[in-house]
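Enquirer: predicted model and sequence follow; I will ask about them next.
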Amino acid sequence: GALVYQYPRRTICKSGTSMRMECQAVGFQATSVAWYRQSPQKTFELIALSTVNSAIKYEQNFTQEKFPISHPNLSFSSMTVLNAYLEDRGLYLCGARDWDSNQAPLFGEGTRLSVL
Amino acid sequence: GQQVQQSPASLVLQEGENAELQCNFSTSLNSMQWFYQRPGGSLVSLFYNPSGTKHSGRLTSTTVIKERRSSLHISSSQTTDSGTYLCALEMGNNRIFFGDGTQLVVKP
């Protein structure tokens, strides 16, 4: 079946350092990948949407300089949190879909980032 | 988010009672999706419902596009239904926005 894997599941980084997280689509082609963040006590916020062969679109309050995203092929995407600080902690979720199908987007289990 | 208003923010029920969760949206949509968020944070997709009514066991999802609302009905609630329920609105430009969630507590 179609699945989305995210890794690491949990990670801790020191304040001011960077953390890379990965998203792998299995069993389908991830023509678009979206990254979300759920900060403590909040809902999921869309960070950016990446569609193959198109520019990555970042939402207001999120920038490429802070959250660079790579989407090199139809099965993989990564996002880095640069210079992480306390406000960057939370659960980062990857959602992927195949635009050639009418299936709902699939979500990974998330990467939980703690910042010391 | 501003595009999606989810209510109630929290709900406490006795086991056996029914629950009605609502999402209202302020813009046109491609689809609405309902999720249960596990305590560890991962999402369980309950319904992907662009429009109309869908059933799954004790759960029913109804989306009425022209009224800009979607609901999740849980019948005969059980203690294991406790947790966070999220709706997510997919807009025409493929961006998805989540509601703030409903914290459901079902007491035995």
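Expert: Great, that's in hand. Quantities reported herein were computed from a predicted structural model and do not represent experimental measurements.

Enquirer: what pLDDT does the model give the residue most central in space within chain A?
Expert: Nearest to the mean C-alpha position of chain A, by CA atoms, centre = their mean, lies A:W35 at 3.3 Å. A:W35 is assigned 97 on the pLDDT scale.

Enquirer: who does it form a beta bridge with?
Expert: In this entry, A:W35 is beta-bridged to A:A48, A:C94, by DSSP bridges.

Enquirer: now it: how far from chain B?
Expert: Note on A:W35: its distance to chain B, by CB to the nearest CB, to the nearest Å, is 11 Å. Quick note: C-beta positions are derived from backbone N, CA and C, even for glycine.

Enquirer: that residue contacts A:S70, correct?
Expert: No - A:W35 is beyond contact range of A:S70, at 11.0 Å (criterion: CB atoms under 8 Å).

Enquirer: give me the common contacts of these two.
Expert: Residues touching both A:W35 and A:S70 by CB atoms under 8 Å, 6 or more residues apart in numbering or on different chains: A:77, A:79.

Enquirer: and B:L46, what does it touch?
Expert: Applying CB under 8 Å, 6+ apart, the residues near B:L46 are B:34-36, B:56, B:59, B:61, B:72, B:85.

Enquirer: can I get the helix or strand hosting it in CSV? Just the C-alpha atoms.
Expert: Following DSSP states H and E, the helix or strand that holds B:L46 is strand B:43-49. What follows is strand B:43-49, C-alpha atoms only, in CSV (Å, rounded to 0.1, in the frame of the first residue of the first chain):
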residue,chain,number,x,y,z
LEU,B,43,-2.7,11.6,12.3
VAL,B,44,-5.3,8.9,11.5
SER,B,45,-7.3,9.8,8.5
LEU,B,46,-11.0,9.3,9.2
PHE,B,47,-12.6,10.7,6.1
TYR,B,48,-11.6,12.3,2.9
ASN,B,49,-14.9,14.0,1.9
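
Enquirer: what residues sit buried inside it?
Expert: Within strand B:43-49, the residues that count as buried by 16 or more other CB atoms under 10 Å in any protein chain shown are B:43, B:46-49.
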